Structures are given as structure tokens and as C-alpha cells.
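> Got a predicted structure here, sequence first:
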Amino acid sequence: MKLKIAKSARKFGYLIWNNKTNDDMEKLLSEKSYVQVILNGFNLGKKHIDRKYYRISLGYKFTRSLPSEHDTFNISLRNDYLEVITTNENE
């Protein structure tokens, strides 16, 4: 699944989705309350899924340090790990 990296997501350190993509995220996350997150190969540990505001905290130090040309989160669930890879969609 692909999500655009919003300016606020980068600034405040979240993986943010909206109501339109919520069904896809719910299929991916099933009924989990917490998920182990791997961001670009780095294990961030167990993170809470905030369904009220459609977000998962990644930490602002990690998101602010992402290359500015990276504008997309590529998200997949593998072996109960949420793997998040950032890419430049325009490449």
C-alpha cells in the first residue's frame, strides 16, 4: 500500500492515513492495537495504532531526517512487522 508523506506527518513524526484509505489500512492491520514497525530497515519497536486520528507514531527524529525528495510511504505487513519504506514516487 502507498501513502503520500504529508508535511505534518514529516514534521510531527507520524504515518498518517485518511478516511478514504482507512479500509485498506484496516485490512493490513486487522484488529491489532500495537504493531512492530520497521522504517527503511530500522526496527522502531512496538508502536500504538491511533485509529481515532488515523496514525501511527514513527518519531519526528526519524521522519524529519528522511530525504526531502522522498514523498511516499510504501507499507506492507510481513511476519507481523509493519514494513515502511520511503521512496520518491516521481522516480
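In hand now; what should we look at?
> And stretch 32-44, end to end?
End-to-end distance of stretch 32-44 (CA to CA, to the nearest Å): 17 Å.
> how far out from the middle of the chain is that stretch?
Computed by CA atoms, centre = their mean, to the nearest Å, the chain-centroid distance of stretch 32-44 equals 9 Å.
> Same question for stretch 7-17.
The answer for stretch 7-17 is 9 Å, by CA atoms, centre = their mean.
> Contacts for the helix or strand harbouring L82, please.
In this structure, L82 sits in strand 81-87 according to DSSP states H and E. The contact list for strand 81-87 (CB atoms under 8 Å, 6 or more residues apart in numbering) reads 5, 15, 28-29, 35-40, 47, 56, 58, 66-67, 70-77. To be clear about C-beta, it is placed using only N, CA and C from the backbone, and glycine gets the same treatment.
> Filter those residues down to just the ones in helices.
L28, L29 (DSSP state H).
> Parallel or antiparallel, list what pairs with the strand holding L82.
Sheet pairing of strand 81-87 (DSSP bridges) gives strand 34-39 (parallel), strand 72-78 (antiparallel).
> Show me what counts as buried in that strand.
Within strand 81-87, the residues that count as buried by 16 or more other CB atoms under 10 Å are L82, E83, V84, T86, T87.
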